[in-house]
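Visitor: I'd like to go over a predicted model; first the sequence, then the structure.
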There are 2 protein chains.
Amino acid sequence: MTPFEYLEQSEKQRTDELFMFLSFPSVSAQSKHKQDVQECANWLKAHLDQIGFKTTMYPTVGHPIIYAEYFVGVKKPTVLYYGHYDVQPPEPLNLWKTPPFSPDTREGYYYARGSSDDKGQTFAHIKGLESVIKSEGTLPVNVKFLIEGEEEISSANLPEFIRKNTKMLKADVCVVSDTAQFNKTLPAVTFGLRGIASAELFVYGPNRDVHSGTFGGVISNPATVLCELVSQLHDKNRKVTVPGFYKDVKPASKWERQQFKKLPYNEAAYKKAIGVPALEGEKGFTTFERAWVRPTLEINGITSGYQGEGSKTIIPSYASCKITMRLIPDMDPKDICNKLEKYLKKIAPNSVRIELKKYAGAKGVNVPTEGPWLDAAARAIQAGFGKKPVFMKEGGSIPVVSDFKEYLGLDTLLIGFGQIDDNIHSPNERFRVIDFERGCKTAAALPFELAKVKV
Amino acid sequence: MTPFEYLEQSEKQRTDELFMFLSFPSVSAQSKHKQDVQECANWLKAHLDQIGFKTTMYPTVGHPIIYAEYFVGVKKPTVLYYGHYDVQPPEPLNLWKTPPFSPDTREGYYYARGSSDDKGQTFAHIKGLESVIKSEGTLPVNVKFLIEGEEEISSANLPEFIRKNTKMLKADVCVVSDTAQFNKTLPAVTFGLRGIASAELFVYGPNRDVHSGTFGGVISNPATVLCELVSQLHDKNRKVTVPGFYKDVKPASKWERQQFKKLPYNEAAYKKAIGVPALEGEKGFTTFERAWVRPTLEINGITSGYQGEGSKTIIPSYASCKITMRLIPDMDPKDICNKLEKYLKKIAPNSVRIELKKYAGAKGVNVPTEGPWLDAAARAIQAGFGKKPVFMKEGGSIPVVSDFKEYLGLDTLLIGFGQIDDNIHSPNERFRVIDFERGCKTAAALPFELAKVKV
């Protein structure tokens, strides 16, 4: 029996196991789900043990890290697989057709929070490697799994774990499947990710919500001031106005821009997929450039005053907004947050008090666009998807990839099995059944291809 | 026994009854409290019946209106008292020291939602009139009470009720106690109120929350656009920029400005009372002018995207904010909302869809500053508070006062028993025990003074 044959005959059981994995509400951002995150980790550890991995759970001050090993010989290449078992908050819940943690199959998709980002994609590698172990009795390479529970909260405790365990994590190459294919018919290798810097702005006014009739016109309204501050973060060409924001930004290379031009692009379809009347971004750049090689500043949420039914005639005591900035390589998250803070303090009126809370960030990363590892990955993708991959970048961030480079000296193969319309971070997150299956096959083919690389 | 003696010996029972009235969570804006509003109305009706009023409850499509009558003779003046038994939403609940609907007495104050606005003040009139009935066996004037349950939601159904019942509501003068004294040692008669126009702005972007890495920089962010729109509603002199906003705004009269100048004003104390580092408002006007005779535009709340714990890297699908504008007499709420809508549609980018929901409003009103009714009110205040009242205006709105003028041809005596720091519309709303007691005395003296006016 070949690994592919094993995968074909075990599909039902694999889906059941995937659904079990997806049913844990492992929402790392919400403390009410702390125990659910732990239980998800427990299940995953037991599952890896059962397949034949030697698995250890490492507690952190946050959520645990799972490390698993399958050693076959010192002369074989060692591959470090990374994934995360935590998921984004599922809210707003009322927009889900089926509950986020009750996985459902319909119209060729698995629906559940985490189905694509990243439980489903991580599980494809686990199941692909299992198919090799079950059919061949062993693996053609040494495998190490590092699966964390804090990716969606900026991997707060992972960098230190990597730094302290460089010997244990020693490898020849990394594999991460936490990105998307280019589209439903074009698999891809991703050669770069944006970084991220996170902060939260608070504007404080009166010491309590006050009557907007009595005090309206006499004091600064924190909600209005917040809006006025946010409105000063972009100019009319949609460039970020924070002084020094673009200081470390290098233009995209000619080769990069050529790759982007090769990719099919249908603006009407793009707009329709997310239901916007028009695209809009930094002047002078194409859509792919704006999404992949330009930094951004986005508001992720705003809170102020009365948000319930009907009206409440108050001036809110405070207003706050969550801000994330996507960075390109060379931009430093801490530096960018400091520049934002300095600028906001400069432009804020003295009739309010402001505070910028700065959170953990991650640098952007570029990965090699040629070499034997990449060729091996491309062959595995062709085996799994029946098609050669294209080269693209990704606007999102996977903080660990730059840590792998910095602490372990390793390049990462970014092999995404998902789709851009998988609704990751949105209600009704989904993963195409066929993408999961092809992902499992790619994962089964990958160790054989990587074994061919001389180390 | 005189009415004042009756009031003195019945204080304990009066407080118990007030606490009963305050314990109903009669929050008109929240549909979950519909039954509580009804039960509050039932209790109030029964209480008025018991005192000797002939009381009727009129249902509306919203919350019921209570009408009560005490007829003493065709040759006596008829006084129409207005009040409201509904209250503002109590949120945020965590900021209340004692629960909003569990009245508490501490440090000389009654604490409860509605204690000052307006259950406590309305109840002072009921108890004042009761003291006259109990001690004299009758009243010196005909009394009509109109007590509604929708004042905090812009009195949606009251104007039509008044229009349809002009005969029943026929009177010689109105009395409303839903304002404040000037300060703790200066009782006041209020000679004008601002009006109000309410709306809610919605900015719609992608058809779902989308990943801010994948789509950041490529599409308009509704939260950012909302901020940019709000930031364009005031200029640097804090004038409202909506074209035509000031078209019907007349400057304050010399007499008005003279009254304002007579009032004690301590900016340091004013700032300290609400905890703001600096006052801020329309350039060229004093604090009292900004609060009383200039129109404003305030944001009462903003909602967008993820507002929970931690971060969620999304571009929100939509953003919305609640807007109320305070109007001075001659400004029309509908006209102002239309102007706002026109302006917002003009300045909004075509990369989002916007909508302005326009709600019910009310005109501002000026009331006479001299005449026999006002003299009578001033004498009653002097009897109750031991001091002559000053003349001031109020920045808040009592929609019914302009309706009384328009439909019944009646002027209103605005006799406030509250204080500016009663935390109305805020957590820990309160009413000074001594203000309640003096209010009851004023209310007992008032019918005797009004009976002296020839009609």
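Guide: Yep, it's here.
Visitor: For the rest of this, base every contact and every neighbour count on C-alpha atoms.
Guide: Noted.
Visitor: Spell out, range by range, the helices that occur in the stretch 101-250 of chain A.
Guide: A:119-136, A:158-164, A:222-231 (DSSP state H, counting those that start in this stretch).
Visitor: Quick one: those helices as TSV, columns for mean pLDDT too.
Guide: As requested, the helices of the stretch 101-250 of chain A are exported to TSV (pLDDT from 0 to 100):
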stretch	mean pLDDT
helix A:119-136	98
helix A:158-164	96
helix A:222-231	98
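Visitor: Give the burial count for residue A:239, as a bare number.
Guide: Each residue near residue A:239 was counted by other Cα atoms under 10 Å in any protein chain shown, and the total is 19.
Visitor: Quick one: the helices of the stretch 101-250 of chain A as JSON lines, columns for distance to chain B too.
Guide: Formatted as JSON lines, the helices of the stretch 101-250 of chain A follow (distance: least, Cα to the nearest Cα, whole Å):
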{"stretch": "helix A:119-136", "distance to chain B": "17"}
{"stretch": "helix A:158-164", "distance to chain B": "17"}
{"stretch": "helix A:222-231", "distance to chain B": "4"}
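Visitor: Any chance of these in CSV with distance to residue B:65 and mean neighbour count as columns?
Guide: Shown next, in CSV, are the helices of the stretch 101-250 of chain A (distance: least, Cα to Cα, whole Å; neighbours: other Cα atoms under 10 Å in any protein chain shown):
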stretch, distance to residue B:65, mean neighbour count
helix A:119-136, 57, 24
helix A:158-164, 63, 16
helix A:222-231, 35, 25
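Visitor: Of the ones you listed, which is nearest residue A:448?
Guide: Among those, the nearest to residue A:448 by Cα to Cα is helix A:119-136 (9.4 Å).
Visitor: what residues are up against the residue lying closest to residue A:213 once chain neighbours are set aside?
Guide: Distances taken as Cα to Cα, 6 or more residues apart in numbering or on different chains put residue B:396 closest to residue A:213, at 3.7 Å, once the chain neighbours are dropped. Neighbour list for residue B:396: A:211-214, B:193-195, B:326 [criterion: Cα atoms under 8 Å, 6 or more residues apart in numbering or on different chains].
Visitor: same thing but at 7 Å, please
Guide: When contacts are counted by Cα atoms under 7 Å, 6 or more residues apart in numbering or on different chains, residue B:396 touches A:213-214, B:193-194.
Visitor: And residue A:219, by the same measure?
Guide: Contacts of residue A:219 by Cα under 7 Å, 6+ apart are B:279-281.
Visitor: Distance check, the residue sitting furthest away from the middle of chain A against residue B:420.
Guide: Of all residues in chain A, residue A:214 has its C-alpha farthest from the mean position, at 47.1 Å, by Cα atoms, centre = their mean. As for residue A:214, its distance to residue B:420 is 8 Å (criterion: Cα to Cα, to the nearest Å).
Visitor: Enumerate the residues of the stretch 301-450 of chain A near chain B.
Guide: When proximity is defined by Cα under 7 Å from any Cα of the partner chain, the stretch 301-450 of chain A lies next to chain B at A:301-307, A:309-316, A:324, A:326, A:350-352, A:394-397, A:423-426.
Visitor: Narrow those residues to those that are buried.
Guide: The neighbour-count test (16 or more other Cα atoms under 10 Å in any protein chain shown) marks A:301-307, A:310-316, A:324, A:326, A:351-352, A:394-397, A:423-426 as buried among these.
Visitor: Which secondary structure state is assigned to the residue in the stretch 1-150 of chain A that chain B sits nearest to?
Guide: Going by Cα to the nearest Cα, chain B is nearest to residue A:29 of the stretch 1-150 of chain A, at 5.2 Å. Under DSSP: H, G, I helix; E, B strand; the rest coil, residue A:29 falls in the coil class.
Visitor: Mind checking which of the residues of the stretch 301-450 of chain A next to chain B are in strands?
Guide: A:301-305, A:314-315, A:324, A:326, A:394 (DSSP state E).
Visitor: Quick check: the two most widely separated of these?
Guide: A:314 and A:394 (42.9 Å).
Visitor: Could you pull up the residues touching residue A:292?
Guide: A:194, A:393-395.
Visitor: Please convert those to JSON lines, extending it with pLDDT.
Guide: Output for these, formatted as JSON lines (pLDDT from 0 to 100):
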{"residue": "A:194", "pLDDT": "95"}
{"residue": "A:393", "pLDDT": "94"}
{"residue": "A:394", "pLDDT": "93"}
{"residue": "A:395", "pLDDT": "94"}
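Visitor: can those go into a markdown table with extra columns for distance to residue A:444?
Guide: Listed next are the contacts of residue A:292 as a markdown table, based on distance: Cα to Cα, whole Å:
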| residue | distance to residue A:444 |
| --- | --- |
| A:194 | 29 |
| A:393 | 24 |
| A:394 | 24 |
| A:395 | 28 |
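Visitor: And those, which is closest to residue B:80?
Guide: Among the contacts of residue A:292, and counting by Cα to Cα, the member closest to residue B:80 is residue A:395, at 66.6 Å.
Visitor: wait, isn't the closest one in contact with residue A:192?
Guide: No - counting by Cα atoms under 7 Å, residue A:395 stays clear of residue A:192, with 8.4 Å between them.
Visitor: now the strands for the stretch 151-300 of chain A?
Guide: A:173-176, A:188-193, A:195-204, A:210-211, A:296-305 (DSSP state E, counting those that start in this stretch).
Visitor: Need the CA coordinates for stretch A:164-176. PDB is fine.
Guide: Taking C-alpha atoms only, stretch A:164-176 is exported to PDB below (Å, rounded to 0.1, in the frame of the first residue of the first chain):
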ATOM      1  CA  LYS A 164      16.300  28.500  24.700                       C
ATOM      2  CA  ASN A 165      15.800  25.300  22.700                       C
ATOM      3  CA  THR A 166      18.000  25.800  19.600                       C
ATOM      4  CA  LYS A 167      19.600  22.400  20.000                       C
ATOM      5  CA  MET A 168      16.400  20.500  20.300                       C
ATOM      6  CA  LEU A 169      14.900  22.400  17.300                       C
ATOM      7  CA  LYS A 170      18.100  22.100  15.100                       C
ATOM      8  CA  ALA A 171      17.000  21.200  11.600                       C
ATOM      9  CA  ASP A 172      17.900  21.800   7.900                       C
ATOM     10  CA  VAL A 173      14.700  23.500   6.700                       C
ATOM     11  CA  CYS A 174      11.300  24.600   8.000                       C
ATOM     12  CA  VAL A 175       7.900  23.900   6.600                       C
ATOM     13  CA  VAL A 176       4.900  26.100   7.400                       C
END
